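coordinates only, sequence not included:
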């Protein structure tokens, strides 16, 4: 939906008279500060004419509650910021954030009479020694106020009418090129009904019945800044039918639509990253990647015109599918705003901790989009905060940690059931001084564990790979994806500084062992070793039938499989997926035969021909068959 904006941001409101007045306020406030502490205005907001950054000089370390200290500081310097003559009112976010450099950040919402002022907030930064460094943001002068109030049901009708008007005509396609249903029909008979209203709270949070929308409607009071002053208004969130995207609308007390915008959105961005690993020069890549970037990997990639933005409105390494940060620090890495409203992530230290976070975020988001195209979607248990009413359980984006100290297993991925966020841990390799977050093959390997654990046996339990052969396949799938996405036949070669990588043999056509070795020698207790045979088989299959088809069949076969399959069970699931693929793609008899033959030849080469046998998914009772049918 297009944005509706009644404020005029075309001209700068930074006037010399206003600048002088605010600087005078800063001098007066400085004179009352203890010791040598003073404040200086170092930036102005052209959209409001007020200060955008007020720096603190020679501030003493804060004692006690830093959130309370930041709130008191913001209140004290409010006149210099431009809040007006009345004492400013701020409500802090109770989450105290801390950066990888040890700095603290407190976010404060500007309010008036307990009601938030729309898009008016500041952030107070303190250094690692707890000294206030600056306050940045945008505030509004509280001078003229229009407090006319519209009944909430009437405001919802105004917002719904705007959404209905925008929904006429061609419904178009979503970000993945799939047709959208027409969002909303006529709403003439729609009568919003209140379910719950918390009138004891100043902003009166209210919930209304869904009516023709995808879920309950939410509304609360806000102050909206206009040229005439602050206007009391209802902020209404409508979940759009068809995809559940929230439409955020602001309706004045006199029934005027002041603002409308999709609430579920992101920012276009770009970043300097290493791909496939730290051996390559750092290069600028777009966030998100265009669908064409996946054309060599996904048969249907060309069908998707664009992907949703990876970065949310916070302009940091956090979005709908991934949040990346240094382990033990909740603060993400912030990008810098670029011309045109986008964001650029280009850490000053090209090998520092922030770069590792940006790299990890890039790799994880790329994997989400690739596997979305391959069919790992919301209803399949993929990793998203907002599932856009597409099925499954949301609130489970990947929580990706850059661990600065050595950790057990060096790299890992824990996959809980759908609706709970998986945790990815990426640590350093002490022997080389290199970090797994800078090696795509390691990240891709771990991320793929999330796919196999959610798909095999279904996403509700994420426990479909518990038996020995099943565990081995989990490792084998992950190695396979890591190899084909990086164009290599080894895993983690860069991070361990060894061209042979971390497996016993490269996954080339000469891999020496097969199914007959399971349960013997090095293929007894280690899932990684067992998985090597599975990966070698899949790599051979991809050489026979192609990488895109192999990736697609693997995802399809995971969905088809029962929990805890054996190698042979999964072989059969792959063949079943291939048969369905051949029918859907309308392959002729020769192409269908070539596809089936290519799969069988790969499995027979590694001892999994039609007469192979085993005791379930255990490592006992192994009988190999090296002849293709």
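Happy to help now that I have it. Bear in mind the structure is a predicted one, so any value in this text is a computation, not a measurement.

only C-alpha atoms for contact and neighbour calcs from this point on.
OK.

low pLDDT regions in the stretch 51-200 of the chain?
95, 97-102, 166-186 (pLDDT under 70).

ok, the stretch 501-629 of the chain next?
For the stretch 501-629 of the chain (pLDDT under 70), the answer is none.

now the helices for it?
For the stretch 501-629 of the chain, the helices defined by DSSP state H, counting those that start in this stretch cover 527-545, 547-560, 567-584, 589-605.

can I get those helices in JSON lines including distance to residue 496 and mean neighbour count?
Putting the helices of the stretch 501-629 of the chain into JSON lines (distance: least, CA to CA, whole Å; neighbours: other CA atoms under 10 Å) gives the following:
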{"stretch": "helix 527-545", "distance to residue 496": "17", "mean neighbour count": "23"}
{"stretch": "helix 547-560", "distance to residue 496": "26", "mean neighbour count": "21"}
{"stretch": "helix 567-584", "distance to residue 496": "30", "mean neighbour count": "18"}
{"stretch": "helix 589-605", "distance to residue 496": "30", "mean neighbour count": "18"}
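
quick check: residue 605 vs residue 514, distance?
Separation of residue 605 from residue 514 (CA to CA, to the nearest Å): 8 Å.

please read the previous query as pertaining to residue 582.
28 Å.

just residue 347 next, same as before
Here residue 347 is placed at a distance of 46 Å from residue 514 (CA to CA).

break this protein down into its domains, please.
16-142, 146-262, 273-463, 465-629 (automatic domain parsing).

out of those domains, which is closest to residue 7?
Nearest of the domains of the chain to residue 7, taken as CA to CA: domain 146-262 at 6.6 Å.

in CSV: the helices of the stretch 501-629 of the chain, plus distance to residue 337.
Formatted as CSV, those follow (distance: least, CA to CA, whole Å):
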stretch, distance to residue 337
helix 527-545, 42
helix 547-560, 37
helix 567-584, 45
helix 589-605, 49
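
just tell me which of the ones you listed ends up closest to residue 447.
Nearest to residue 447 among the helices of the stretch 501-629 of the chain is helix 547-560 (13.8 Å), distances taken as CA to CA.

contact partners of the closest one?
296-299, 374-376, 452, 455-458, 481, 484, 538, 541-542, 570, 573-574, 576-578, 581 (CA atoms under 8 Å, 6 or more residues apart in numbering).

run the angle between that helix and helix 567-584 for me.
Angle of helix 547-560 versus helix 567-584, following axes from the mean of the first three to the mean of the last three CA atoms, to 10 degrees, is 110 degrees.

going forward can the numbers begin at 541, since that is how I track them
All set: I'll call the first residue 541, so the last point we hit is now helix 1087-1100.

ok, back up a step: can you list the domains of the chain in JSON lines and add distance to residue 547?
Formatted as JSON lines, those follow (distance: least, CA to CA, whole Å):
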{"stretch": "domain 556-682", "distance to residue 547": "9"}
{"stretch": "domain 686-802", "distance to residue 547": "7"}
{"stretch": "domain 813-1003", "distance to residue 547": "17"}
{"stretch": "domain 1005-1169", "distance to residue 547": "47"}
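
quick revisit: for residue 688, which of the helices of the stretch 1041-1169 of the chain is the nearest?
Closest to residue 688 of these is helix 1087-1100 (CA to CA; 56.0 Å).

okay, the angle between that closest one and helix 1067-1085?
Using the same axes, to 10 degrees: helix 1087-1100 against helix 1067-1085 is 130 degrees.

buried residues in stretch 866-884?
Across stretch 866-884, burial judged by 16 or more other CA atoms under 10 Å covers 866, 867, 870, 871, 872, 873, 874, 875, 882, 883, 884.

sort out for me which of the residues you listed are in strands.
By the criterion of DSSP state E, membership of those in strands covers 866, 883, 884.

mind checking how far stretch 585-604 is from the chain centre?
In this view, stretch 585-604 has its centroid 31 Å away from the chain centroid, taken as CA atoms, centre = their mean, to the nearest Å.

tell me the buried residues in it?
By neighbour count with 16+ other CA under 10 Å, stretch 585-604 contains the buried residues 585-586, 588-597, 599.

wait, which of these is closest to residue 657?
Closest approach between those and residue 657, by CA to CA: residue 588, at 13.3 Å.

residue contacts, the closest one?
553, 554, 678, 679, 680.

adding secondary structure, write these out as TSV.
Shown next, in TSV, are these (DSSP: H, G, I helix; E, B strand; the rest coil):
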residue	secondary structure
553	coil
554	coil
678	strand
679	coil
680	coil
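
between the residues you listed, which is nearest residue 953?
Residue 953 lies nearest to residue 678 out of the contacts of residue 588, by CA to CA, at 39.5 Å.

longest helix of this structure?
What stands out as the longest helix in the chain, according to DSSP state H, is helix 893-914.

quick one: contacts of the helix or strand just after it?
Using DSSP states H and E, the next helix or strand after helix 893-914 towards the C-terminus is strand 938-942. With contact meaning CA under 8 Å, 6+ apart, strand 938-942 is reached by 861-867, 893, 896-897, 900-901, 904, 923-924, 961-967, 977.

how about the helix or strand harbouring residue 788: buried residues?
For residue 788, the host element (DSSP H and E) is strand 786-792. Neighbour counts over strand 786-792 (16+ other CA under 10 Å) mark 786, 787, 788, 789, 790, 791, 792 as buried.

closest to residue 1049 out of those?
Closest approach between the buried residues of strand 786-792 and residue 1049, by CA to CA: residue 786, at 50.9 Å.

and residue 832, how many neighbours?
If you count neighbours by other CA atoms under 10 Å, residue 832 ends up with 15.

now do it against residue 847, distance only.
Distance of residue 832 to residue 847, computed by CA to CA: 11 Å.

give the contact list for residue 914.
Contacts for residue 914 (CA under 8 Å, 6+ apart) come out as 838, 840, 1091, 1092, 1095.

can we see that at 6 Å?
With CA atoms under 6 Å, 6 or more residues apart in numbering as the criterion, the residues that contact residue 914 are residue 1092.

buried ones in stretch 680-696?
Neighbour-count burial for stretch 680-696 [16+ other CA under 10 Å]: 680, 681, 682, 685, 686, 689, 690, 692, 693, 694, 695, 696.

I would like the residues contacting that stretch, please.
622, 623, 624, 732, 769, 770, 771, 772, 791, 793.

so which of the residues you listed is the most crowded?
Busiest of the contacts of stretch 680-696 [other CA under 10 Å] is residue 791, holding 29 neighbours.

count of residues packed around the spatially closest residue to that residue that is not a sequence neighbour?
Distances taken as CA to CA, 6 or more residues apart in numbering place residue 797 nearest to residue 791, at 4.5 Å, with adjacent residues excluded. By other CA under 10 Å, the residues close to residue 797 number 20.

next, residue 797: phi, psi?
phi -80, psi 110 (degrees, to the nearest 10).

next one, pLDDT for it please.
pLDDT, residue 797: 94.

now swap in residue 801 and tell me
For residue 801, the model assigns a pLDDT of 67.

can you tell me which residues contact the closest residue to residue 1056 other than its chain neighbours?
Spatial nearest neighbour of residue 1056, chain neighbours left out: residue 1164 (5.2 Å); criterion: CA to CA, 6+ apart. Neighbour list for residue 1164: 1056, 1147, 1148, 1152 [criterion: CA under 6 Å, 6+ apart].

let's see that with 8 Å instead.
By CA under 8 Å, 6+ apart, the contact set of residue 1164 is 1055, 1056, 1147, 1148, 1149, 1151, 1152, 1153.
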